[in-house]
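Participant: let's see this in three dimensions:
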Amino acid sequence: MKNVLVLCTGNSCRSQIAEGYLRYFAGDKIKAYSAGIETHGVNPRAVEIMKQDGVDISSHTSNNIDEYLDIKFDYIITVCDNAKESCPYFPSNGVKLHYNFPDPAKANGTEDEIMMEFRKVRDMIKAYIHDFAEQYIKP
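Facilitator: Predicted coordinates for the structure are as follows:
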């Protein structure tokens, strides 16, 4: 079983969505974790947008990267540039992958416009994690 860590700044949106899709696409072939270089709590809009796609992340917690220092990760995926810049300080020989997804928590406008941004980012992360699982986990 592979250990996969998804890193973001606050472990509230993008990394939580990615962790949910890792579990969905890779199932019991991995142990998925997500963490932030800070903890901001799980964003309720991220929970809602994932629920709309049939993935329940309501029991996820916002974790700090320091909580996982003793785990040997096979893959570390950073989903924002800020975390990527801080990632070299995380001791790991795991394969490091990066994609800078927009932060939906910074969206402005009406609730519908904000949720549209969450949906757009969710779909981007879904495609990325699906491809990751197909390329690195399922072969």
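Participant: going forward, measure contacts and count neighbours with C-alpha atoms only.
Facilitator: Noted.
Participant: list the buried residues in the biggest helix by length in the chain.
Facilitator: Counting residues, the longest helix found in the chain (DSSP state H) is helix 111-132. For helix 111-132, burial by neighbour count (16 or more other CA atoms under 10 Å) applies to 114-115, 117-119, 121-123, 125-126, 129-130, 132.
Participant: list the contacts of it.
Facilitator: 14, 17-18, 21-22, 25, 45-46, 49-50, 101-105, 107-108 (CA atoms under 8 Å, 6 or more residues apart in numbering).
Participant: give the buried subset of those as a ChimeraX selection command.
Facilitator: Burial among the contacts of helix 111-132 is assessed by 16+ other CA under 10 Å; the matching ChimeraX selection reads:
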select :14,17,18,21,22,25,45,46,49,50,101,102,103,104,105
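Participant: and residue 80, how far from residue 93?
Facilitator: Per CA to CA, to the nearest Å, residue 80 is found 20 Å from residue 93.
Participant: neighbour-wise, which of the two wins?
Facilitator: residue 80 (19 against 11; other CA atoms under 10 Å).
Participant: measure the closest residue to that one other than its chain neighbours to residue 67 for me?
Facilitator: Leaving aside its sequence neighbours, residue 80 sits nearest to residue 100 (CA to CA, 6 or more residues apart in numbering; 4.3 Å). Residue 100 sits 23 Å away from residue 67, going by CA to CA.
Participant: from the centre of the protein, give me the residue that's furthest out.
Facilitator: Distance from the C-alpha centroid of the chain peaks at residue 110, with 25.1 Å (CA atoms, centre = their mean).
Participant: if you count contacts, what does whatever helix or strand residue 46 lives in end up packed against?
Facilitator: Per DSSP states H and E: residue 46 is located in helix 44-51. With contacts taken as 3 or more CA pairs under 8 Å, 6 or more residues apart in numbering; DSSP states H and E, helix 44-51 sits against helix 14-26, helix 111-132.
Participant: so what's the residue nearest the centre of the chain up against?
Facilitator: The geometric centre of the chain, computed from its C-alpha atoms, lies nearest to residue 15 (CA atoms, centre = their mean), at 2.1 Å. Shown in contact with residue 15 (CA under 8 Å, 6+ apart): 6-8, 34-36, 79.
Participant: okay then, goodbye and thanks.
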